[in-house]
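> Predicted model, plus sequence, below.
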Amino acid sequence: GDECAVPPYRSAWVEGATEAEVRAFLSERGMPLADTPADHIGTLLLAASWLEDQSTEDESEALETLFSEYLLPWCGAFLGKVEAHATTPFWRTMAPLTRDAISAMWDELEEDSEE
């Protein structure tokens, strides 16, 4: 259906990327994972929240890795396509809001790592 016009999986956007590497990264950090693909944008955003809640110094590094390796390389292109191909106001609004939120979280992470 139309809902799959823009694949929400990192492996569809990053050449050579696999769901298994994301699953391993999150599992190593103790995040409980369902059978749903670990490289789905929703799972990665949930992982950002989960890792932030763990917020020890080590997990702060994990959060930076999550963003730099698993979210930032593809989420801009993905969210741009979602916005361009959205057939409902919800997704046309959600895409830029999500992009802004990811950008703000990354800026905050970079500031924290400079301290």
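It's in.
> Output the below-cut-off pLDDT ranges for the protein.
1-4, 57-59 (pLDDT under 70).
> Just give me the longest helix of it.
Ranked by number of residues, the top helix in the chain under DSSP state H is helix 89-114.
> Check which residues of that helix are buried.
91, 95, 98-99, 102, 105-106, 109 (16 or more other CB atoms under 10 Å). Placement of C-beta: from N, CA and C, glycine included.
> what do you get for stretch 71-91?
In stretch 71-91, counting by 16+ other CB under 10 Å, buried: 71, 74-75, 78-79, 82-83, 86, 91.
> gap between it and the chain center?
How far stretch 71-91 lies from its chain's middle: 12 Å, per CA atoms, centre = their mean, to the nearest Å.
> what's in contact with that stretch?
2, 5-6, 8, 10, 13-14, 41, 44, 48, 92, 94-96, 98-99, 102, 106 (CB atoms under 8 Å, 6 or more residues apart in numbering).
> Recalculate using a threshold of 6 Å.
Contact with stretch 71-91 is made by 5-6, 10, 13-14, 44, 92, 95, 98-99, 102, as judged by CB atoms under 6 Å, 6 or more residues apart in numbering.
> which of the buried residues of stretch 71-91 sit farthest apart?
The distance between the two most remote of these (CB to CB) is 20.2 Å, for L71 and A86.
> all helices for this protein, in order.
Here the chain has its helices, by DSSP H, at 19-28, 41-54, 57-65, 72-85, 89-114.
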